[in-house]
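J.: Kindly return the folded structure for what I paste below:
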Amino acid sequence: MRLSRLTQAVAVVTAALILTACGSDSDTATAIIDGTPPLLTTDSNFTDGYSAVAAVFVSGQVQDSSGVKSLTYMHNNESAQALTLDTDGYFDDRILLTLGSNTIVLEATDNAGNIMRSTKTIYVGDTIAAGGSHTAALRDGQLYGWGRNNYGQTGLGLTTKISDIMGHPDTPMLMNSAPKDLLSIGFNQNHSLAIAQNGQVYSWGEDKYGQLGRGDGGRNDCSKTADCRLDISTIEGIENAVMVAPGYSHNLVLTEEGTVWTFGANGYGQLGNNTSTDSSTPVKVDFTAATEAGHIVQVAVSGNSSYALDDKGQVWGWGSDAYANLGKGKVCNTTTNCINVNATPVRIHVINETINNAITAKTDDATQKADDQPAIDAEKVTQLTAGKDHILALTNKDAVYGWGLNATSQLGYNGETFNGSEKAWADVITSPTKLPWFTDKEVRRVYANGNASYALLDNVATNNGSSTTDGILYAWGMFGETNGAGKTIYNDLDEPTNKLPNLKNIDNMAMGAMHLIAHEKSFDQDNNTLKAGHLFTWGWSFEGSLGNKDTTHIWMYNNPIPVALPSQL
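T.: Okay, here's the model as predicted:
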């Protein structure tokens, strides 16, 4: 685990000697006043930026020669809460976050009353989104959309196509019918979801399986206006949402209380409500049998499966297991005499539990950890992402584990170089497997959709190792490139590769089926807040999905293209 000092400025150390004379120069008492604040270190999870998880897993150590009195945190100016320290000053905990901007202040105090503080700003939610071929960004709470609009999925309020003489959003357009206080958006295929500041969820677009959660499913025939969801409307029954996870034909919503709501297709039990019946209104995931589950802090979704991460770092899954989506060690199909319906959450054992249990077990002395290893040495999952049928899990050790479908090397080592060789990984990885490429890398976040994967890395060596750069994207799995003759060739990348060398300082991205959008980091140091940075798109251009008049051809663009929202033109 990497520990980094959290001093935001150089601490001024003051020491004073007080000399008191008592009769003669030889009779002198000397007192030293401790003016040095404690040393506070954390791992790399405690950092500024966007987060896919409604919690921050924070661990580290507080050290001071005079002894440590306390470590507390304050969330959005609420009352300070204590974090537990062991006898060596180590701590390992989680802090629950809310939708939108979260300011977290860690405060360490020593026995002399000296204080060291560290402040981070973490944004829970996504202000950019990409679906099948439609795209969007938020600015100041307002929705700007563009791209394919055959189901009204951009939010325009009508259906359009790029061949229309006017009105099609092939470049960003302000969606006036959307709420003006949106904090997060999520797209997939041909439908869209958003969360407003009050925690209300909105949906629009295709609704064949009830995936909009607004009742009366089957509303997907846009040749008849009455059978097409063109309006941006609320989903009743869900309050205090912090996260949406849009899938191919079903969706998940996580609330501040840790409740998971689902709606849409359910033929494989992917709604998790102990049935296999589709639902066009929200139903709760049934965690009754998952007695070890903690507070759910993230949800993710693949084609016909669903996943959740709890505040203990445990992963849960339900729905289809056709490609070992649930990590049980085998696929589930007729060949294996398996009924592929998993209608309630089951634990997916990502980490080697034997090692973790040895670390966290107490000895007879309750103040010491087994083998003198602090609890922060235990590995836990801190973020999930899923493609159509593959899953990635990032841990607090910057390790990445993957399982599920690997036919296009979306997990790794089954692509253009390895495929067909003795070293090739299988087409299906049936149990969570550590991806070796990430050793000694600083991984901020992982992403997946379709048959491709991305990782966002910091502290990447540049200029022949003489300097480092943050916010570099690495791709693996299916990756298409169009040559000068207009022919697109798809290569399956064996391991993470920097195919976008001109993109730097990226702090978030969104993956569509075959196109992507990224947000460049922009931070207001004076006000300690995130600001709107530049937007870039790349990948398959279809119906204006890349948001640029010069990229309306139907082919692959892999030189990222700047996208300007209307007021920036």
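J.: Next, count neighbours for Ala226.
T.: 6 (other CB atoms under 10 Å). From N, CA and C alone the C-beta is placed, and that goes for glycine too.
J.: tell me the SS of it?
T.: helix (DSSP: H, G, I helix; E, B strand; the rest coil).
J.: quick one: contacts for it?
T.: By CB atoms under 8 Å, 6 or more residues apart in numbering, the contact set of Ala226 is empty.
J.: pLDDT value on it, please?
T.: What the model reports as pLDDT for Ala226 is 75.
J.: go on, Gln525?
T.: For Gln525, the predicted pLDDT is 51.
J.: same check, this time on Ile339
T.: Confidence score, pLDDT, at Ile339: 93.
J.: Quick check on it: phi, psi?
T.: For Ile339, the backbone dihedrals (degrees, to the nearest 10) come out as phi -90, psi 120.
J.: same question, Ser223
T.: The phi/psi pair for Ser223 (degrees, to the nearest 10) is phi -70, psi -20.
J.: Could you check how far it is from Asn150?
T.: For Ser223, the distance to Asn150 equals 10 Å [CB to CB, to the nearest Å].
J.: neighbour-wise, which of those two wins?
T.: Set side by side, Ser223 and Asn150 show more neighbours around Asn150, with 18 against 7, by other CB under 10 Å.
J.: bridging residues for the residue nearest to Thr84 when sequence neighbours are not counted?
T.: Sequence neighbours aside, Phe91 is the residue nearest to Thr84 in space, at 6.3 Å (criterion: CB to CB, 6 or more residues apart in numbering). Note on Phe91: beta-bridge partners by DSSP bridges are Gly60.
J.: Phe91: neighbour count?
T.: 21.
J.: Identify the residues contacting it.
T.: Contacts of Phe91 (CB under 8 Å, 6+ apart): 58-62, 71, 83-85, 376.
J.: Which residue ranges of the stretch 151-300 of the chain form strands?
T.: With strands called from DSSP state E, counting those that start in this stretch, the stretch 151-300 of the chain shows them at 173-174, 182-188, 191-196, 201-205, 233-234, 241-246, 250-255, 260-264, 279-284, 296-301.
J.: Average pLDDT for the first one, rounded please.
T.: Strand 173-174 shows a mean pLDDT of 97.
J.: Neighbouring strands - and their directions - for it?
T.: Partners of strand 173-174 in its sheet, by DSSP bridges: strand 142-147 (antiparallel).
J.: same thing with the third one?
T.: Paired neighbours of strand 191-196 in the sheet (DSSP bridges): strand 182-188 (antiparallel), strand 201-205 (antiparallel).
J.: Near Ile165, how many residues? Count them for me, please.
T.: So Ile165, with other CB under 10 Å, has 5 neighbours.
J.: Sorry, slip of the keys, the one I care about is Thr98.
T.: 16.
J.: what does Thr488 give?
T.: 12.
J.: same question, Asn274
T.: If we define neighbours as other CB under 10 Å, then Asn274 has 14 of them.
J.: Surely it touches Asp286?
T.: Yes - taking contacts as CB atoms under 8 Å, Asn274 lies within contact range of Asp286: 5.0 Å.
J.: joint contacts of those two?
T.: With CB under 8 Å, 6+ apart as the test, Asn274 and Asp286 both reach Thr344.
J.: follow-up on the earlier one: ok, which of the strands of the stretch 151-300 of the chain comes nearest Ser522?
T.: strand 182-188 (17.5 Å; CB to CB).
J.: Tell me which residues are up against that closest one.
T.: So strand 182-188 is in contact with 99-100, 124-132, 134-136, 138, 141-143, 153, 192-197, 202, 243-248, 251, 301, 449, 510, 512-513, going by CB under 8 Å, 6+ apart.
J.: out of those, which are buried?
T.: Among the contacts of strand 182-188, those classed as buried by 16 or more other CB atoms under 10 Å are 99-100, 124-132, 134-136, 138, 142-143, 153, 192-196, 202, 243-248, 251, 301, 449, 510, 512-513.
J.: Quick check, pLDDT for the spatially closest residue to Ile472 that is not a sequence neighbour.
T.: Closest residue to Ile472 apart from its sequence neighbours, by CB to CB, 6+ apart: Val460 at 4.5 Å. pLDDT recorded at Val460 is 94.
J.: pretty sure Val460 is touching Asp470, no?
T.: Yes - under the criterion of CB under 8 Å, Val460 makes contact with Asp470 at 7.4 Å.
J.: rewinding a little: burial measure for the residue nearest to Ile472, as a count.
T.: 16.
J.: Excluding chain neighbours, what is closest to Tyr248?
T.: Gly303 (5.0 Å).
J.: does the one you found really touch Gly247, like I thought?
T.: Yes - under the criterion of CB under 8 Å, Gly303 makes contact with Gly247 at 7.1 Å.
J.: so how far is Thr119 from Gln69?
T.: To be clear, residue 69 is Lys; Gln isn't right here. On the measure of CB to CB, Lys69 and Thr119 end up 20 Å apart.
J.: Could you pull up the residues touching the nearest residue to Asn188 once chain neighbours are set aside?
T.: Nearest residue to Asn188, sequence neighbours excluded (CB to CB, 6+ apart): Pro246, at 3.9 Å. By CB under 8 Å, 6+ apart, the contact list for Pro246 reads 131, 186-189, 191-193, 301.
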